[in-house]
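**Q** predicted model follows, preceded by the sequence.
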Amino acid sequence: MTPNKNDCIPEQFIFEQVKSPPVVVNFKGEPVTSDAGLYLIAELDRKLAITSRFAGCFKDYRDKNRTDYSVTAFLKLKIFHLWQYLCQKKSLQKF
């Protein structure tokens, strides 16, 4: 028996955001922004702690009094920038 489409996929998801308008993901097929995937990746990372666990693999030898960012924050910044760059490059290749 094939499950009903409505049984498998909720109508929409609302992701928590600290300092921005709410991010809503739905499956209506409307146009999306180029940053929409980054919000989804960031939310998944926040819930699953992927970059935090990855940062735990590194020993930070820096002087804590002379650094502005933790290893986790630095990795998130680099990974999310890389993700955004790759998505923009892929969308530019369409034209």
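**A** Structure's in. What do you need? Residues are numbered from 1 along each chain as shown.
**Q** neighbours around Lys76, how many?
**A** Around Lys76 there are 20 other residues, counting by other CB atoms under 10 Å. (C-beta placed from N, C-alpha, C; glycine too.)
**Q** in the chain, which spans are strands?
**A** Ranges of strands within the chain are 12-15, 23-26, based on DSSP state E.
**Q** which stretches of this protein aren't confidently modelled?
**A** Within the chain, the stretches with pLDDT under 70 are 1-27, 29-36, 89-95.
**Q** where do the helices sit along it?
**A** 5-8, 36-48, 50-55, 71-92 (DSSP state H).
**Q** next, the buried residues of the last one.
**A** By that I understand helix 71-92. 71-72, 74-76, 79, 87 (16 or more other CB atoms under 10 Å).
**Q** can you add distance to Asp63 and give the helices of the chain back as a markdown table?
**A** Below are those laid out as a markdown table (distance: least, CB to CB, whole Å):
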| stretch | distance to Asp63 |
| --- | --- |
| helix 5-8 | 51 |
| helix 36-48 | 27 |
| helix 50-55 | 18 |
| helix 71-92 | 13 |
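**Q** quick one: closest of those helices to Tyr61.
**A** helix 71-92 (10.3 Å; CB to CB).
**Q** output that closest one as CSV, restricted to C-alpha atoms.
**A** The C-alpha atoms that make up helix 71-92 are tabulated as CSV, following Å, rounded to 0.1, in the frame of the first residue of the first chain:
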residue,chain,number,x,y,z
VAL,A,71,37.1,26.6,16.5
THR,A,72,33.4,25.7,16.1
ALA,A,73,32.5,29.3,15.1
PHE,A,74,35.4,29.4,12.6
LEU,A,75,34.5,26.0,11.0
LYS,A,76,30.8,27.1,10.7
LEU,A,77,31.9,30.3,9.0
LYS,A,78,34.1,28.5,6.5
ILE,A,79,31.8,25.6,5.8
PHE,A,80,28.7,27.8,5.3
HIS,A,81,30.6,30.3,3.1
LEU,A,82,31.9,27.3,1.0
TRP,A,83,28.3,26.0,0.8
GLN,A,84,27.0,29.3,-0.3
TYR,A,85,29.8,29.8,-2.9
LEU,A,86,29.2,26.3,-4.4
CYS,A,87,25.4,26.9,-4.6
GLN,A,88,25.9,30.3,-6.3
LYS,A,89,28.4,28.8,-8.7
LYS,A,90,26.0,26.0,-9.6
SER,A,91,23.1,28.5,-10.2
LEU,A,92,25.4,30.7,-12.4
